[in-house]
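> just coords:
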């Protein structure tokens, strides 16, 4: 019996592997990421520095206390900063100088610019690099409102000011436009691979929302959550947040649509007739996904979801279209939010929009387009404008009243998309119909 079970498990694993896109080994991943970094330093950063009118950018971090931006500039075989890592990027008007105020090159991009035998003090060497180039503006990553642009430590900022003297202290500026611009901008090469990253996430979700994982009446939502975590690890990736799986069902006394996002039940046993929802994200090749999709558990004799659930699902898709139709270069996140809510409500929908950038981070750099508890706009982060070549998790829900269930449900959706400056496209498409559990077997009759 044990041998049969082992054989079935192996066959199941082979079947799943046959559906999954290729996952590169670590060496290949490192080569891809290093190539991207070299290209980005040549094609992305000069434009952002000139757009921001800043000619020098200084990034400083200690080992294991990395600035989020600096961490994206390290070579793939550096898993953290080393000692005190100082990077200096200077625009001389013709090209960028990428310097490491360190005793060695930092990868192939940042060239060694400190000879300790000639100048024993690293901070004094940094001051000499600045004085030799005499920049008009020196950006450092300090920001009141954008956490990803606030990477310099208090000590390092104070030490930098002490080191460079009054003349250059007056030229210090916040590096927010550089930090956000660098993090949010996607290249053509990255977008080719991003489609595969999103496809892997879609395939994992589909596996979990199937009768290969779920036995109605037995499997709990917590079981599925941990299956997702194990599956991600099995593929050699990481989750950037713990997934959630939750249930909405025909139970008028269970007002699940009124729950806050922090008060989902820890686990529920999945039953026929349930509407399932997953929130799920992976990190692969330094890029992140964030996806929410939905499934229906068939009752005995059913071959498809009830019409009223399909109609509710279509209302969610319509809200996504309304939001992405608002995307125009230069509009702020708050403007996108207000325009989409106005149109959706005029169509009779009950929308809540909380869309965010995606990329190097899950909740990434760029404009915030609503928060679930701030539908009137988000100060500061919502005032940041939309730029081309940026990616977003189109995240939202629409409340729908179901007379058949005698209550409202939330149709919660999220798919990753790319804005090229003219239009929005989903990086690997989006879910357009509910998953069915179990999948109807085409070779079996009623």
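Cool, got the structure. Quantities reported herein were computed from a predicted structural model and do not represent experimental measurements. Numbers count the residues shown, from 1 in each chain.
> residues touching the residue positioned nearest the centre of the chain, list them.
The chain has residue 362 as the residue nearest its centroid, 2.7 Å off, counting by C-alpha atoms, centre = their mean. Neighbouring residues of residue 362 by C-beta atoms under 8 Å, 6 or more residues apart in numbering: 240, 241, 281, 283, 288, 290. For every residue, glycine as well, the C-beta is placed using N, CA and C.
> burial of the fourth one, as a residue count?
For residue 283, the number of neighbouring residues by other C-beta atoms under 10 Å comes to 18.
> so what's the backbone phi/psi at it?
phi -120, psi 130 (degrees, to the nearest 10).
> show me the contacts for it.
By C-beta under 8 Å, 6+ apart, the neighbours of residue 283 are 237, 238, 239, 240, 362.
> that older thread, just the buried ones from the contacts of residue 362?
Neighbour counting by 16 or more other C-beta atoms under 10 Å classes 281, 283, 288, 290 among these as buried.
> which of those residues sit farthest apart?
By the measure C-beta to C-beta, 283 and 290 form the most distant pair in the buried ones among the contacts of residue 362, at 10.5 Å.
> wait, isn't residue 224 in contact with residue 210?
No - with contact defined as C-beta atoms under 8 Å, residue 224 does not reach residue 210; the gap is 10.3 Å.
> more neighbours: which of the two?
The neighbour comparison of residue 224 against residue 210 (other C-beta under 10 Å) goes to residue 224, with 21 against 15.
> give the contact list for the more buried one.
Residues near residue 224 by C-beta under 8 Å, 6+ apart: 208, 209, 213, 214, 245, 270, 278.
> need these in TSV with distance to residue 108, can you?
Below are the contacts of residue 224 laid out as TSV (distance: C-beta to C-beta, whole Å):
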residue	distance to residue 108
208	40
209	43
213	43
214	47
245	43
270	50
278	40
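> distance of residue 358 from residue 122?
36 Å (C-beta to C-beta, to the nearest Å).
> the two: which is more packed in?
Remark: of residue 358 and residue 122, residue 358 carries more neighbours, 32 against 16, as counted by other C-beta under 10 Å.
> surely the more buried one and residue 391 touch.
Yes - if you go by C-beta under 8 Å, residue 358 and residue 391 touch, sitting 5.0 Å apart.
> and for those two, which residues touch both?
364, 416.
> related to what we said a few turns ago, buried subset of the contacts of residue 224 as a ChimeraX selection?
Typed into ChimeraX, the line below selects the buried ones among these, using 16+ other C-beta under 10 Å:
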select :208,209,214,245,270,278
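> residue 232: which of the contacts of residue 224 is nearest?
Nearest to residue 232 among the contacts of residue 224, counting by C-beta to C-beta, is residue 208 at 10.4 Å.
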